[in-house]
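In: sequence and predicted structure below; questions after.
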Amino acid sequence: MNYKIGSLNDVKKYIVFFGYEDNSANLAQYDDSLSIEKLNKFIELKEWKWKKEASASYIDVETGQEVMLCGLGKKDKLTKVILRQAMAKLTAAIAKVKAEDIYVVIPEFEDKELKVAYIEALIDGLESVEYDFIKYKEKKKDDKEDEKKDKNVNLLNWDLCEHFLNECVYVAKAKSITKNLVNEPANVMTPQKLADTTKALGEEFGFKVDVYDENYIQEKKMESYWSVAMGSDLMPRLIVCKYMGNPDNKEDIIALVGKGLTYDSGGYAIKTASGMATMKSDMGGSAAVIGAITAIARMKLKVNVVCVVAACENMISGRAYRNGDIIGSMAGKHIEVLNTDAEGRLTLIDAVTYAVREMKATKVVDIATLTGAALVALGSTRTAVVSNNDEFFAELEDASEQANEKIWRLPHDKEYKDLLKSDIADLKNIGGRYAGTITAGLFIGEFVEEKPWLHLDIAGTSWNDKKGSTGHGAKLLYHLVKNTEK
Ligand code: BES
Ligand code: MN
Ligand code: ZN
């Protein structure tokens with residue numbers, strides 16, 4: 001979809017109006033080129049009341065103009081939740097419209113925050129309904145291509161800055177980038193392919209991308225990462241993105257570290273067939289950070305961001321690591337590997353150390369499809385969070401509100417950390433049967449070197465068995481980074 005700030009003088013083929021139950025839509029301001037008279041007749045005839053979640057549409061036979069009405073309910077009862085529900089219905093309806101040009105009349109809002117949420121939800125919704133991943137379906141692809149001409153969405157009655165429209169569009173597109181990265185199967189989206197794709201995105205949107213191979217990874221003593229990676233015939237790639245939007249303030253560098261397992265078979269602690277079937281999505285964290293940095297760079301935010309992705313596969317072979325191995329790490333700590341399926345944290349700790357020591361990160365966010373336990377605890381509704389810093393977490397809460405991606409903070413008492421103690425090494429890679437999401441998070445927390453840190457476990461929120469990738473994380477990280485802008 002293309003988005004434009006439209007004017008009333010344009011041709012109006014398909015137009016959407018919003019209105020409130022108590023004072024109806026403020027239609028008087030539009031001239032009769034919009035057939036306001038007819039619209040009012042329709043409203044009268046149908047006893048149309050602009051009730052919450054109600055919608056109706058009609059076609060003007062004379063002009064061929066299609067009109068859709070969308071109720072928002074009582075003005076003083078309007079909330080973001082109501083708006084988002086209305087938007088979900090509306091965007092689904094717009095997706096079915098044949099017209100190439102669509103005009104949406106932005107309603108009046110008393111509260112600017114609601115207006116922002118409205119436009120955000122509209123554009124996010126339109127991008128989402130348009131998104132599909134059918135490139136491997138030959139027939140359906142042809143059918144869809146015919147009906148899917150690029151639509152122009154013209155926003156009327158726009159009185160915000162254009163900058164904000166760009167932001168909504170770039171962030172919504174970032175989410176689609178994330179979805180595309182995740183939905184590609186593991187035989188296509190290999191570590192090398194993930195690196196190449198990131199590089200291309202960097203060139204397109206203006207951030208630097210460096211890719212390092214298995215030799216570099218071993219030279220840097222990233223033994224924990226390398227232990228996971230070396231079982232596969234596909235070699236790992238360390239992907240490092242850099243965007244310095246605030247070069248005068250190099251003391252503030254936020255690291256976004258994304259889990260980049262392009263496939264997780266479980267290794268020798270092998271998964272079941274069904275458990276393995278969706279494990280192409282185990283790079284959802286890396287896809288989120290890559291999506292986020294595209295929007296950060298396009299919006300030219302005044303922030304310094306590095307993304308670190310330790311991309312690899314967790315496979316089985318004569319070279320693969322074993323349950324019972326003791327491995328080193330870039331930070332120097334030794335880890336007793338009691339379960340090769342708890343591999344994500346092993347790749348993440350070296351990525352975190354790399355971010356802190358090599359990239360000089362002053363704040364660390366890691367995001368990962370880390371534990372099935374996150375699904376057990378919170379289902380697919382909320383992302384689990386572990387953090388060592390209340391202020392940083394408060395910024396994430398704001399971002400969560402802005403991005404409409406829900407989070408829930410888990411505790412981090414010392415008792416949980418004690419579960420990771422090993423008799424023969426510095427740490428075990430699993431904390432036992434209980435509190436799996438917390439212990440996994442705290443394992444990574446052992447490597448952040450006292451930096452303010454957020455750990456986001458998106459195992460439950462990033463994947464939907466019916467729809468594939470949800471794109472979760474990209475928007476959340478964008479808004480989090482934006483909130484640190486100075
Ligand atoms: N990638 C999985 C976590 C996962 C499971 C994500 C289901 C999405 C859906 C992770 O590497 C894993 O296997 N975790 C283990 C940890 C356990 C061995 C401590 C798990 O959750 O079972
Ligand atoms: Mn695993
Ligand atoms: Zn995994």
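Out: Ah, there it is. Ligands and ions are numbered 1, 2, ... in the order given.
In: is residue 261 in a helix, a strand, or coil?
Out: With DSSP: H, G, I helix; E, B strand; the rest coil as the basis, the three-state label of residue 261 is strand.
In: number of residues surrounding the closest residue to residue 166 other than its chain neighbours?
Out: By the measure of Cβ to Cβ, 6 or more residues apart in numbering, the closest residue to residue 166 outside its immediate chain neighbours is residue 299, 7.0 Å from it. Bear in mind the C-beta positions are built from the backbone N, C-alpha and C, glycine included. Here the neighbour count serves as a burial measure; for residue 299 (other Cβ atoms under 10 Å) it reads 21.
In: contacting residues for residue 299?
Out: Taking Cβ atoms under 8 Å, 6 or more residues apart in numbering, we find residue 299 in contact with 166, 167, 170, 482.
In: which pair in those residues spans the largest distance?
Out: Looking at the contacts of residue 299 by Cβ to Cβ, the two members farthest from one another are 166 and 482, with 13.1 Å of separation.
In: residue 128 touches residue 91, doesn't it?
Out: Yes. At 7.1 Å, residue 128 counts as touching residue 91 under the criterion of Cβ atoms under 8 Å.
In: count of neighbours near whichever residue of the chain sits closest to ligand 2?
Out: Across the chain, the shortest distance to ligand 2 (Cβ to the ion) belongs to residue 341, at 3.9 Å. Applying other Cβ under 10 Å, we find 19 residues neighbouring residue 341.
In: A helix includes it, no?
Out: No. Assessed by three-state DSSP, residue 341 does not belong to a helix; its assignment is coil.
In: surely it touches residue 271?
Out: Yes. With contacts counted by Cβ under 8 Å, residue 341 reaches residue 271, the gap being 6.6 Å.
In: now for these two: what residues contact both?
Out: With contacts defined as Cβ under 8 Å, 6+ apart, the residues adjacent to both residue 341 and residue 271 are residue 264.
In: so after the helix or strand bottoming out on mean pLDDT in the chain, what's the next helix or strand?
Out: One helix or strand of the chain scores below all others by mean pLDDT, DSSP states H and E: helix 138-147, with a mean of 68. Tracing the chain C-terminally past helix 138-147 and defining elements by DSSP states H and E, one meets strand 152-156 next.
In: related to what we said a few turns ago, check the residue of the chain closest to ligand 2 and give its pLDDT.
Out: Looking at residue 341, its pLDDT is 98.
In: ok, it - contacts?
Out: Taking Cβ under 8 Å, 6+ apart, one finds 264, 266, 267, 269, 270, 271, 314 in contact with residue 341.
In: can you list those residues in CSV and add secondary structure and distance to residue 212?
Out: Formatted as CSV, these follow (DSSP: H, G, I helix; E, B strand; the rest coil; distance: Cβ to Cβ, whole Å):
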residue, secondary structure, distance to residue 212
264, strand, 21
266, coil, 26
267, coil, 23
269, coil, 28
270, coil, 29
271, coil, 28
314, strand, 19
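In: got TSV for the residues you listed, with pLDDT too?
Out: Putting the contacts of residue 341 into TSV (pLDDT from 0 to 100) gives the following:
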residue	pLDDT
264	99
266	98
267	98
269	98
270	98
271	98
314	99
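In: out of those residues, who has the most neighbours?
Out: Neighbour count (other Cβ under 10 Å) singles out residue 314 as the most crowded of the contacts of residue 341, with 29 neighbours.
In: so what sits opposite that one in the bridge?
Out: As for beta bridges, residue 314 partners with residue 264 under DSSP bridges.
In: hang on, isn't it packed against residue 261?
Out: Yes. Using Cβ under 8 Å as the test, residue 314 is close enough to residue 261 to be in contact (5.8 Å).
In: what parts of this structure come near ligand 2?
Out: With Cβ under 5 Å from the ion as the criterion, the chain comes near ligand 2 at residues 264, 341, 343.
In: the last one reaches residue 261, doesn't it?
Out: Yes. The pair formed by residue 343 and residue 261 meets the contact definition of Cβ under 8 Å, at 6.7 Å.
In: what's the closest non-adjacent residue to the residue in the stretch 101-250 of the chain that ligand 1 sits nearest to?
Out: Closest approach between the stretch 101-250 of the chain and ligand 1, counting by Cβ to the nearest ligand atom: residue 228, at 9.7 Å. Of all residues beyond its chain neighbours, the one nearest residue 228 is residue 343 (4.5 Å), with distances taken as Cβ to Cβ, 6+ apart.
In: quick one: that neighbour and residue 430, what's the gap?
Out: Per Cβ to Cβ, to the nearest Å, residue 343 is found 11 Å from residue 430.
In: show me which of those two is the more surrounded one.
Out: Shown here are residue 343 and residue 430; by other Cβ under 10 Å, residue 343 has more neighbours (30 against 21).
In: ok, that one - contacts?
Out: For residue 343, the contacting residues are 228, 261, 264, 267, 314, taking Cβ under 8 Å, 6+ apart as the criterion.
In: just to revisit the earlier point, what values do phi and psi take at the residue of the chain closest to ligand 2?
Out: Backbone dihedrals for residue 341, given as degrees, to the nearest 10, come out at phi -80, psi -10.
In: now residue 389
Out: Dihedral angles (degrees, to the nearest 10) for residue 389: phi -150, psi 110.
In: where's the nearest residue to residue 448 once chain neighbours are set aside, which helix or strand?
Out: Leaving aside its chain neighbours, residue 448 sits nearest to residue 364 (5.0 Å; criterion: Cβ to Cβ, 6+ apart). Assigned by DSSP H and E, residue 364 falls within strand 363-368.
In: and that strand, which strands flank it?
Out: Sheet pairing here is set by DSSP bridges, and for strand 363-368 it gives strand 254-264 (parallel), strand 453-457 (parallel).
In: now this structure, which segments are flagged as low pLDDT?
Out: Regions of the chain meeting the criterion pLDDT under 70 cover residues 10-12, 23-35, 141-148.
In: right, is the helix ranked longest in it up against ligand 1?
Out: Of all the segments of type helix in the chain, defined by DSSP state H, the longest one is helix 162-183. No. Helix 162-183 lies out of reach of ligand 1 by Cβ under 6 Å from any ligand atom, never closer than 11.5 Å.
In: list the buried residues in that helix.
Out: Taking 16 or more other Cβ atoms under 10 Å as the neighbour-count basis, helix 162-183 is seen to contain the buried residues 165, 167-183.
In: and that helix, how far from the chain's centre?
Out: Its chain's C-alpha centre lies 9 Å from the corresponding centre of helix 162-183 when counted by Cα atoms, centre = their mean, to the nearest Å.
In: same question, stretch 187-204
Out: What separates the centre of stretch 187-204 from the centre of its chain is 17 Å, taken as Cα atoms, centre = their mean.
In: what are the buried residues along that stretch?
Out: Of the residues in stretch 187-204, those scored as buried under the neighbour-count criterion (16+ other Cβ under 10 Å) are 189, 190, 191, 192, 193, 194, 195, 197, 198, 199, 201, 202.
In: with stretch 422-433 instead?
Out: By 16+ other Cβ under 10 Å, the buried positions in stretch 422-433 come out as 425, 426, 427, 428, 429, 430, 431.
In: ok, now stretch 286-294?
Out: Buried residues in stretch 286-294 (16+ other Cβ under 10 Å): 286, 287, 288, 289, 290, 291, 292, 293, 294.
In: nearest to ligand 3: which residue in this protein?
Out: Evaluated by Cβ to the ion, the chain has residue 264 as its residue closest to ligand 3, separated by 3.6 Å.
In: about what we covered before: how about the buried residues of stretch 286-294, which pair is most distant?
Out: Pairwise distances across the buried residues of stretch 286-294 peak at 13.1 Å for 286 and 294 (criterion: Cβ to Cβ).
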